[in-house]
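**Q** Let me see the structure of the following:
(one chain, ligands or ions: 2)
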Amino acid sequence: MMRSYCYATYINDDRRNKIVNIHSPIPRHDKTNFILLQSNLCKACWTCIEVCPNGVIGKVDVLFGWHRHARIDFAEQCKGCKKCVITCPNQAIIYTYVPTKKQPE
Ligand code: SF4
Ligand code: SF4
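**A** Ligands and ions are numbered 1, 2, ... in the order given. Below you'll find the model as predicted:
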């Protein structure tokens, strides 16, 4: 599947005030340990932001509303509750967590 990648995410990063440098290794803002947020499918309804109990998801809203989509702001806070996955009307968020099998001793 084609996945879009958004440099505007970093330009809009007012909360962390990061300096944009597209030549440096860029941290990903589309996944946590449990979910993947496909911004190319996002219609910016912001429902996932409202239902997430842990403040994981934030907004990209730049160029006077022309470029808008959800993104992962605080991946480490995701507990894998799936509320965002179930709520998204566009299937933009998928649950990716695969529990590892415990090895027999
Ligand atoms: S799985 Fe739960 S905690 Fe993680 S981003 Fe979605 S709603 Fe938030
Ligand atoms: S619920 Fe889905 S379509 Fe709405 S903002 Fe979140 S990812 Fe985008």
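
**Q** Please make it C-alpha for all contacts and neighbour counts, starting now.
**A** Noted.

**Q** Let me see the ranges of the helices in the protein.
**A** For the chain, the helices defined by DSSP state H cover 8-11, 47-51, 83-87.

**Q** How about residues contacting the second one?
**A** Residues lying outside helix 47-51 but in contact with it, judged by CA atoms under 8 Å, 6 or more residues apart in numbering, are 55-58, 70, 83-85, 87-88.

**Q** touching ligand 2 at all, that helix?
**A** Yes. Using CA under 6 Å from any ligand atom, helix 47-51 reaches ligand 2 at 47-48.

**Q** roughly how far is that helix from the heart of the chain?
**A** Relative to its chain's centre, helix 47-51 lies at 12 Å (CA atoms, centre = their mean, to the nearest Å).

**Q** Over to the last one?
**A** Here the centre of mass of C-alpha atoms in helix 83-87, compared against the chain's by CA atoms, centre = their mean, lies 13 Å away.

**Q** which helices and strands sit right next to it?
**A** helix 47-51, strand 93-95 (3 or more CA pairs under 8 Å, 6 or more residues apart in numbering; DSSP states H and E).
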